[in-house]
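In: Model the following, please.
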Amino acid sequence: MQVSEAMTRDVRVAHAEETIEQAAQLMAGLDAGALPVSENSRLVGMITDRDIAIRAVARGKGPDTPVRDVMTDDVKYCFEDQQLEDVSRNMGDNQVRRLPVVNREKQLVGILSLGDLAIATRDGMAGEALTDISRPGGTHTQTG
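Out: Coordinates of the predicted model:
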């Protein structure tokens with residue numbers, strides 16, 4: 001099964017120059033914990049509710065802080081035509097719960113989450129990815 005068969009297609013993005021308050025409001029409206037970040041129609045990062053809490057609020061930054069100041073700019077992504085099993089393994093290896101999905105022209109076309117994996121596969125693939133994501137000592141950090 002390809003990523004395009006499991007991903008969520010209706011993806012909203014935050015813009016790098018927007019404030020974290022605007023991003024948080026968009027997340028609240030979507031009931032989502034993460035948003036891809038774009039700048040000049042290009043995917044430049046991801047912002048999560050955790051980024052806002054750890055990189056902004058915990059450091060005394062206000063709601064007018066630009067998204068670019070707290071987003072994760074090391075963007076991990078996958079292609080819509082990749083095999084779901086391979087991407088699931090990569091999610092575990094990189095300890096990420098969601099990945100932006102791009103086409104071969106690197107335009108954002110969706111997002112793939114653990115929930116999408118669970119719904120699409122029903123074969124334990126999401127559980128295996130979650131086990132790998134949850135292991136301690138990964139490279140993912142919120143202190144960057």
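In: May I see the buried residues of stretch 1-13?
Out: For stretch 1-13, the neighbour count (16 or more other C-beta atoms under 10 Å) marks 3-4, 6-7, 11, 13 as buried. (Each C-beta comes from the backbone N, C-alpha and C, glycine too.)
In: Keep only those of those that are in strands.
Out: Of the buried residues of stretch 1-13, none are assigned to strands by DSSP state E.
In: List the contacts of the closest residue to D51 other than its chain neighbours.
Out: Nearest residue to D51, sequence neighbours excluded (C-beta to C-beta, 6 or more residues apart in numbering): V70, at 5.0 Å. Each residue near V70 by C-beta atoms under 8 Å, 6 or more residues apart in numbering is listed here: 20, 47, 51-52, 55-56, 61.
In: and of these, the nearest to L84?
Out: Nearest to L84 among the contacts of V70, counting by C-beta to C-beta, is I47 at 25.1 Å.
In: May I have the beta-bridge partners of the closest one?
Out: With DSSP bridges applied, I47 shows beta-bridge pairing to L35.
In: these two touch, right, it and A14?
Out: Yes: between I47 and A14 there is a contact at 5.5 Å, judged by C-beta atoms under 8 Å.
In: between these two, who's got more neighbours?
Out: Remark: of I47 and A14, I47 carries more neighbours, 29 against 24, as counted by other C-beta atoms under 10 Å.
In: Report the contact partners of that one.
Out: Shown in contact with I47 (C-beta under 8 Å, 6+ apart): 14, 20, 23, 34-35, 37, 67, 70-72.
In: From V11, how far off is R59?
Out: 28 Å (C-beta to C-beta, to the nearest Å).
In: ok but G45 is inside a strand, no?
Out: Yes: assessed by DSSP: H, G, I helix; E, B strand; the rest coil, G45 belongs to a strand.
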